[in-house]
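> Sequence and predicted structure, then a few things I'm wondering about:
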Amino acid sequence: MKDPVAEAARWLKQAQYDLEVAKYNAEGQFYATACFSAQQSAEKALKAFLFRQGERFVTGHSVIELCERCGEHQEVFASLTSQVGKLDRFYIPTRYPNGLPGGVPAEVYDDRDAEGAIALATEVLELVEQYLGAQ
């Protein structure tokens, strides 16, 4: 990675897009997909923050772990970890029937799940935008 500012901007742009996709799917009652897109938004926003801090290799999909890493740079992220970690439960089970003990994701997730996931992703995205805008 040659330019951490440009790389962070790329990841942030995709995070913003994923949040809009989550909202669109929630409105269409595609709740499992909305939950997954919200998780993706938070994951990519946190990765954007880490790239902006100069990290070269930002891997993993756990919002908890990424938020903890962001907390090493800005303490406010560490205080969010327990809340936004709930998004991790939307990474695999929202997409694969074998990620659930029974049923299929399309029948398991509901509007409350989607609303909660979108709210958490919005909180993460806004925080990242705030800190990236200040740098």
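Nice, I can see it. Residues are numbered from 1 along each chain as shown.
> alpha carbons only for contacts and neighbour counts from here, please
Fine.
> From the contact counts, what lies against the helix or strand bottoming out on mean pLDDT in the chain?
Evaluated with mean pLDDT, DSSP states H and E, the helix-and-strand set of the chain has its lowest mean pLDDT in helix 75-84, which scores a mean of 92. Using 3 or more C-alpha pairs under 8 Å, 6 or more residues apart in numbering; DSSP states H and E as the contact criterion, the elements in contact with helix 75-84 are helix 63-71, helix 111-134.
> List of residues touching the helix or strand containing Y24?
Y24 is part of helix 4-27, with elements assigned from DSSP states H and E. Counting contacts by C-alpha atoms under 8 Å, 6 or more residues apart in numbering, the residues outside helix 4-27 that touch it are 1, 31, 33-38, 40-45, 47-55, 111, 114-115, 118, 121-122, 125, 129.
> which parts of it are buried?
Buried residues in helix 4-27, counted by 16 or more other C-alpha atoms under 10 Å: 4-5, 7-9, 11-12, 14-16, 18-26.
> residue with max distance from the center of the chain?
Counting by C-alpha atoms, centre = their mean, the extreme residue of the chain relative to its mean C-alpha position is G102, 25.5 Å from that point.
> So that residue: helix, strand or coil?
With DSSP: H, G, I helix; E, B strand; the rest coil as the basis, the three-state label of G102 is coil.
> low-scoring pLDDT stretches of this protein, where are they?
In the predicted model, the chain carries pLDDT under 70 at residues 1, 134-135.
> how about a cut-off of 80?
When residues are selected by pLDDT under 80, those of the chain lie in 1-2, 134-135.
> ok, back up a step: tilt between the least confident helix or strand of the chain and helix 63-71?
Relative orientation of helix 75-84 and helix 63-71, computed by axes from the mean of the first three to the mean of the last three C-alpha atoms, to 10 degrees: 170 degrees.
> So what's the gap between helix 75-84 and the chain middle?
Offset of helix 75-84 from its chain centre (C-alpha atoms, centre = their mean, to the nearest Å): 13 Å.
> What of stretch 114-121?
Here stretch 114-121 shows a centroid-to-chain-centroid distance of 10 Å under the convention C-alpha atoms, centre = their mean.
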